[in-house]
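J.: Any chance you can model this:
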Amino acid sequence: MLATQLLLGFGILLLGNLSLENARLQDNYIAFNSETAVITALQNPGKEIYADFCIQCHGANGKGDVAGNPPLAGSDWLTTKRNESIAAVKFGLSGAITVNKTKYDKNMPAMGLSNEEVADVLNYAMTSWGNKQTKVVSLKEVEAIAKK
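T.: This next block holds a predicted model:
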C-alpha cells in the first residue's frame, strides 16, 4: 500500500514537472510586451467577424466605397466618437455622420452581433489600416451602451 502511494506520488510529481517544463517553452505563449503581439491578439477574434459582416460595405482595406459607405481606415469618427461607434455596430446607424470632414448619410443595419462580437470587431477595426487604438473596447463597455 505504501509502495503504491509512493509510486503514484512520484508519477504525479514527474508528470507535473513535465507539464511545467512545457509551459515554459517559447512556443507555448505569446509575449505581450511587443506592440505587434498585442495588436495581433486584439485583431484575431474580430477579423472573421469583419469579413462576414462589414467588408461588403467598408471594404477589405477599410476605406469604404464609392456608394457612400464611410471609411474605417484613419477614421476620426472611430477615435472621437467611441460610444457612438459602439452603438452603431451594436444597434445599426441611421442619419448623417461626418467622418474625416466628409458627410455620410447612409443607413447601416443592425448586424445582430453579440456584445462580445461587437467588442471584437471594433478592436479589429481600431487596430487595422493604420488605426492605433490606445484603449481596448471591453465587453463591459459594450454592455453599458443602450439603444437611444
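J.: for the protein, what spans make up the helices?
T.: 2-23, 35-53, 55-58, 76-80, 82-91, 115-125, 139-144 (DSSP state H).
J.: Pick out the shakiest of those helices, pLDDT-wise.
T.: Note on those: lowest mean pLDDT is at helix 2-23, with a mean of 50.
J.: residues contacting the spatially most central residue of the chain?
T.: The centroid of the chain falls nearest to residue 120 when counting by CA atoms, centre = their mean (2.8 Å). By CB atoms under 8 Å, 6 or more residues apart in numbering, residue 120 lies in contact with 45-46, 49. All C-beta spots, glycine's among them, are computed from the backbone N, C-alpha and C.
J.: Relative to residue 146, how far out is it?
T.: 20 Å (CB to CB, to the nearest Å).
J.: do residue 132 as well
T.: Residue 132 is 28 Å from residue 146, by CB to CB.
J.: How about residue 81?
T.: 16 Å.
J.: who's more crowded, the two?
T.: residue 81 (16 against 8; other CB atoms under 10 Å).
J.: Report pLDDT for that one.
T.: At residue 81, pLDDT is 94.
J.: now swap in residue 94 and tell me
T.: pLDDT for residue 94: 93.
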